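Visitor: Starting from these lines, generate the structure:
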Amino acid sequence: MPEPTKKEENEVPAPAPPPEEWSLGESPAGGEEQDKQNANSQLSTLFVEKPQTGSVKVGANITFIAKVKAEDLLRKPTVKWFKGKWMDLASKAGKHLQLKETFERQTRIYTFEMQIIKAKENYAGNYRCEVTYKDKFDSCSFDLEVHESTGTTPNIDIRSAFKRSGEGQEDAGELDFSGLLKRREVKQQEEEPEIDVWELLKNANPNEYEKIAFQYGITDLRGMLKRLKRMRRVEKKSAAFAKILDPAYQIDKGGRVRFVVELADPKLEVKWFKNGQEIRPSTKYIFEHKGNERIMFINNCALTDDSEYYVTAGDEKCSTELFVREPPIMVTKQLEDMNAYCGERVELEVEVSEDDANVKWFKNGEEIVPGPKSRYRIKVEGKKHTLIIEGATKADSAEYSVMTTGGQSSAKLSVDLRPLKITTPLTDQTVKLGKEVCLKCEISENVPGKWTKNGLPVQEGERLKVVHKGRIHKLVIANALIEDEGEYVFTPDAYNVPLSAKVHVIDPPKIILDGLDADNTVTVIAGSKLRLEIPVTGEPPPKAIWSRADKAIMEGSGRIRAESYPDSSTLVIDVAERDDSGVYNINLKNEAGEAHASIKIKVVDIPDPPVAPNVTEVGDDWCIMNWEPPVYDGGSPILGYFIERKKKQSSRWMRLNFDLCKETTFEPKKMIEGVAYEVRIFAVNAIGISKPSMPSKPFVPLAVTSPPTLLAVDSVTDSSVTMKWRPPDQIGAAGLDGYVLEYCFEGTEDWITANTDLIDKTKFTITGLPTDAKIFVRVKAINAAGASEPKYYSQPILVKEIIEPPKIRIPRHLKQTYIRRVGEAVNLVIPFQGKPRPELTWKKDGAEIDKNQINIRNSETDTIIFIRKAERSHSGKYDLEVKVDKYVENASIDIQIVDRPGPPQAVTIEDVWGENVALTWTPPKDDGNAAITGYTIQKADKKSMEWFTVIEHYHRTNATITELVIGNEYYFRVFAENMCGLSEDATMTKESAVIAKDGKIYKNPVYEDFDFTEAPMFTQPLVNTYAIAGYNATLNCSVRGNPKVP
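Guide: Okay, here's the model as predicted:
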């Protein structure tokens, strides 16, 4: 079994325990009692999975699981959980302990779970799980270890950076460093290792920013996000800087910070900037040069120095962020522990070092968020902060803490209850099945409570309703069921005063015959064991009495006996006999009523053997036989018969039919001529097969073969003829040894044997024949009885090969240009016809094909062009010539291998006006062997050089880019596009376009009227088309021209 599962290990610890805890049991059982438990555990077979020892941290959850196999159990077993020797945990179920049970019908396994929620240190110890069913018992002990959870305190300087300041400059208003927010455990405080909060934020999901900001003391979330967005810019690899600035620097208020960059070329001029304004040397800003290093010092850092800084060298720059801290807010007056009563107003006060400071309140480690629907209010008066709880309840008993950017304080609040009095207790009830059950009690306080049944919480539903009106509590169960029986306990919330009552449900007995036939008949095979289990219901369990012909069947060890169980009654017949057939009665009785039922038992058997069969007629390899049905059919209709035969001198019988013979006649076949045989019969019913009948009188069959069939010409050459045929329809009892093929010339009657030895195949070639001669052919089948009647070919055969003109069957998809991309495989199959085998010739663009680059594979019916990785050079016209004798057939295939195009040529800026730029370019030199379908135009600001797509799938070679930002300087580039996609490279403008702030006078360009006239031209010519007689055929072509061609 796997380790017990742990849930929510990082959960905040639960509230302080109530005065009386279920976990405060005795220590584990002593040695003597433990030995008894171990002995029981070893001998038991109830557990299939036992709970195992586990460990958990304080405040986390853990679940222990026990499983019991229910195959041999008629009812649910009883399971109890204990802590120590005697403490039964069923009465302790509640907020920190839950007991569950489930049943899986497919595997018939009960699963029992004990879940400990928000574990505490005093929950550790020895536990025990016991399962009982009637006289069976099993027990298993296991331990629980509770470890104290340890926490560390992050100590990252940057976490104190974000707090509003309100000073005048733009960035200063965003980031006013106030101090560190520190988290410390109530019991102890430990230092955390240094954590780079900015690295944590950059790698985190955006939905976790707020959680990380509060956890590490960042109060200005909006400023943090702005800074984080700037810091996420990835600095490109610089040619001017050998070493760039760090992403961020931090310094205390009044301190001194040092920025250092290292240049690749010491001759470059360096300038420092703050928020876009150049920094000049002064007593506050000091610049130093050390070799290739350029250093800037900022003295006496103030909150206004918190900003973005960057340094430029030539056209390149690198940037960083500077964060300035200020002292944290401290707690000057600590919280004090308080005691209160339910319903009173509670005020928790604390004072801090600054007015209107940011303070967070927590309850048991969880933040308190005040709102319109919250019971908590927070009042702030200068440095004084007060948490107000109106109408305190027992649930408000907890540890409350307050946290600032520089400290925290905590105190315990204890809310006590008034003593509870029971006005009307619960009473035991006995009801009939289907009636209503109402459990009612009255207590002195108007508090809610929980109902449990046998230690498990009661779940409301359509039948079960929980009613609470003032001090009265009711549990109403409509249409009571047997499973509603048990002990019900009502426990008022926050009071350990359980009220219990037992509900007993009675039900008249019932006999369930759903599994039987409509006439309640049970069929059993003679000699087998019958175990007839009849489900019964009733509460209390009824007593069952079986009888036959007014004679009771006793429970005991007889051949026919009855067995009783709580939910069923069983009739057992160990070895069924024919005399056991009859009507059996079952009677049920309990204190709620009686029930009766009758069941008919039918004992069936195999039939008697039939009478010996008679052979009435004998043929070459067959005979005809008949017989009489058996006298006794075994109580079940005869379904058919099996027939067996054997040679008289043999002892081995062979079955002749695998499908039942429905008639009383049969015709055995395929017997050997001259051999004596005997036959016998088996009768079959639904129960089985009878014993064999007596064998028939011996008989001897005789067999003759029939002539071969379907003699036909397979092929003819100038000197040979190949014939084929099928075996005879009736081979005969003597089998088939082979064939003899004979022929004679036209005008003669002399038959010549073509094969000197018998052939077993149904195909043979007659060789050595003169050309243009005519012959007649016949074939005979040979077996032990001799030759069969010959099979003649109906007409003379001319010894001369037939010439079939060649034909090329070009597939439909190859009648147009076959297009493939560079690198793809080309595999074209072109079928053809012709006899004798044609001669094939391939040419590419009129020249011989290089077989090192293009593979040609030829067969008798097709030819294949195969190119493993196509290249542009493979494009062209491929001509195929098929030749048979003087007949020639030609066909052509156009193959086009395409690739991505090259970049356009000469992208230039024609004009710049306002926010618009006019671009022109020329098509690429390399179109990728495919038509250019369009262009993609991108722009980039000179500062960032990040490219953005402006226009896609553009068909012209000039374009106007609009809506550019005034004051920016842009570069443009153009990609060419064909059916394979965009070109790998783009052509960029050599010069940039500056969108000037001052407007210019726009001059309308002079356009010349375009001549759209075009001579007629076929864009799709007619192609060769094959038509089938009796079907429609269509010829298509397309023409382009302007004006429109009529």
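Visitor: where do the strands sit along the stretch 51-200 of the chain?
Guide: Under the criterion DSSP state E, counting those that start in this stretch, the stretch 51-200 of the chain carries strands at the ranges 54-57, 61-69, 78-83, 87-88, 97-104, 109-116, 125-133, 136-147.
Visitor: So T1019 is in contact with S1038, correct?
Guide: Yes. Taking contact to mean C-beta atoms under 8 Å, the distance of 4.9 Å between T1019 and S1038 places them in contact. Any C-beta I mention is one placed from the backbone N, CA and C, and that applies to glycine too.
Visitor: With adjacent residues omitted, what lies nearest to D306?
Guide: Using C-beta to C-beta, 6 or more residues apart in numbering and skipping residues adjacent in sequence, the residue nearest D306 is V324, 4.4 Å away.
Visitor: For the one you found, which residues are in contact?
Guide: 161, 177, 250-253, 301-303, 305-306 (C-beta atoms under 8 Å, 6 or more residues apart in numbering).
Visitor: List the contacts of I477.
Guide: I477 sits in contact with 436-438, 463-464, 484, 503, where contact means C-beta under 8 Å, 6+ apart.
Visitor: actually R809, sorry about that
Guide: Counting by C-beta under 8 Å, 6+ apart, the residues that R809 touches are 830-833.
Visitor: quick one: the residue nearest to D306 from L303, how far?
Guide: Counting by C-beta to C-beta, to the nearest Å, the gap between V324 and L303 amounts to 6 Å.
Visitor: cool, and G747?
Guide: Here G747 is placed at a distance of 129 Å from L303 (C-beta to C-beta).
Visitor: So which of those two has more stuff around it?
Guide: L303 (17 against 7; other C-beta atoms under 10 Å).
Visitor: Isn't the more buried one up against G254?
Guide: No. L303 sits out of contact with G254 when judged by C-beta under 8 Å, with a separation of 10.4 Å.
Visitor: What is the burial count for Y249?
Guide: When neighbours are counted by other C-beta under 10 Å, Y249 registers 18.
Visitor: Bridge partners for it, pull those for me.
Guide: Using DSSP bridges, the bridge partners assigned to Y249 are L322.
Visitor: the strands in the stretch 451-600 of the chain, which residues?
Guide: Under the criterion DSSP E, counting those that start in this stretch, the stretch 451-600 of the chain carries strands at the ranges 456-457, 464-469, 472-477, 486-492, 499-511, 521-525, 530-539, 543-548, 551-553, 560-565, 568-573, 582-590, 593-604.
Visitor: low pLDDT regions in the protein?
Guide: Under the criterion of pLDDT under 70, the regions of the chain flagged as low confidence span 1-45, 149-203, 207, 209-237, 326-327, 702-704, 732-734, 784-786, 998-1002, 1045-1046.
Visitor: okay but G527 is in contact with I573, surely?
Guide: No. Taking C-beta under 8 Å as the definition, G527 is not a contact partner of I573, at 10.8 Å.
Visitor: the more surrounded of these two?
Guide: When neighbours are counted by other C-beta under 10 Å, I573 comes out ahead of the other of G527 and I573, with 21 against 11.
Visitor: The stretch 251-400 of the chain: helices as residue ranges?
Guide: Listed in chain order, the helices of the stretch 251-400 of the chain (DSSP state H, counting those that start in this stretch) amount to none at all.
Visitor: With adjacent residues omitted, what lies nearest to Q334?
Guide: Spatially, and ignoring its direct neighbours in sequence, Q334 is nearest to S409 (4.4 Å; C-beta to C-beta, 6+ apart).
Visitor: which residues does that neighbour contact?
Guide: 331, 334-335, 350, 401-402.
Visitor: re earlier: so which of the strands of the stretch 451-600 of the chain is nearest V882?
Guide: For V882, the closest of the strands of the stretch 451-600 of the chain is strand 521-525, at 74.9 Å, according to C-beta to C-beta.
Visitor: ok so, going back, give me the subset of the contacts of V324 lying in strands.
Guide: Counting by DSSP state E, the members of the contacts of V324 that fall within strands are 250-252.
Visitor: are any of those buried, and which?
Guide: When burial is judged by neighbour count using 16 or more other C-beta atoms under 10 Å, the buried members of the ones in strands among the contacts of V324 are 250-251.
Visitor: ok, of the ones in strands among the contacts of V324, which one's closest to T767?
Guide: If you rank the ones in strands among the contacts of V324 by distance to T767 using C-beta to C-beta, Q250 comes first, at 103.8 Å.
Visitor: shouldn't that closest one be in contact with D306?
Guide: No. Taking contacts as C-beta under 8 Å, Q250 lies outside contact range of D306: 9.7 Å.
Visitor: Is Y309 bridged to anything, and to what?
Guide: Residues in a beta bridge with Y309, per DSSP bridges, are K274, T320.
Visitor: Can you tell me the number of residues neighbouring it?
Guide: Other residues within reach of Y309 by the criterion other C-beta under 10 Å amount to 21.
Visitor: who touches it in this structure?
Guide: 245, 259, 272-274, 319-322.
Visitor: give the contact list for G846.
Guide: G846 makes contact with D879 under the criterion C-beta under 8 Å, 6+ apart.
Visitor: before we move on, what about D507?
Guide: With C-beta under 8 Å, 6+ apart as the criterion, the residues that contact D507 are 432-433, 482, 537-539, 592.
Visitor: cool, and G768?
Guide: Under the contact definition (C-beta under 8 Å, 6+ apart), the residues listed for G768 are 719-720.
Visitor: What of V331?
Guide: Residues 350-353, 402, 404, 406-409 are the ones in contact with V331 under the rule C-beta under 8 Å, 6+ apart.
Visitor: Of these, just the buried ones, PyMOL syntax please.
Guide: Listed next is the PyMOL selection for buried residues among the contacts of V331, using 16+ other C-beta under 10 Å:
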select buried, resi 350+351+352+402+404+406+407+408+409
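Visitor: Can you tell me which of the contacts of V331 comes closest to I472?
Guide: When these are compared for distance to I472, the smallest value, 41.7 Å, is given by V402; criterion: C-beta to C-beta.
Visitor: so who does the nearest residue to the closest one once chain neighbours are set aside touch?
Guide: With sequence-adjacent residues excluded and distances taken as C-beta to C-beta, 6+ apart, V402 is closest to V350, at 4.9 Å. Contacts for V350 were tallied using C-beta under 8 Å, 6+ apart; they are 331, 333-335, 359, 384-386, 402, 409.
Visitor: one more time with 10 Å
Guide: Applying C-beta atoms under 10 Å, 6 or more residues apart in numbering to V350 gives the contacts 331-336, 359, 361, 383-387, 400-402, 404, 408-411.
Visitor: sorry, back to before: save the strands of the stretch 451-600 of the chain as CSV, and put in distance to D428 too.
Guide: Rendered in CSV, the data for the strands of the stretch 451-600 of the chain read as follows (distance: least, C-beta to C-beta, whole Å):
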stretch, distance to D428
strand 456-457, 19
strand 464-469, 18
strand 472-477, 14
strand 486-492, 9
strand 499-511, 5
strand 521-525, 43
strand 530-539, 16
strand 543-548, 25
strand 551-553, 38
strand 560-565, 28
strand 568-573, 29
strand 582-590, 20
strand 593-604, 23
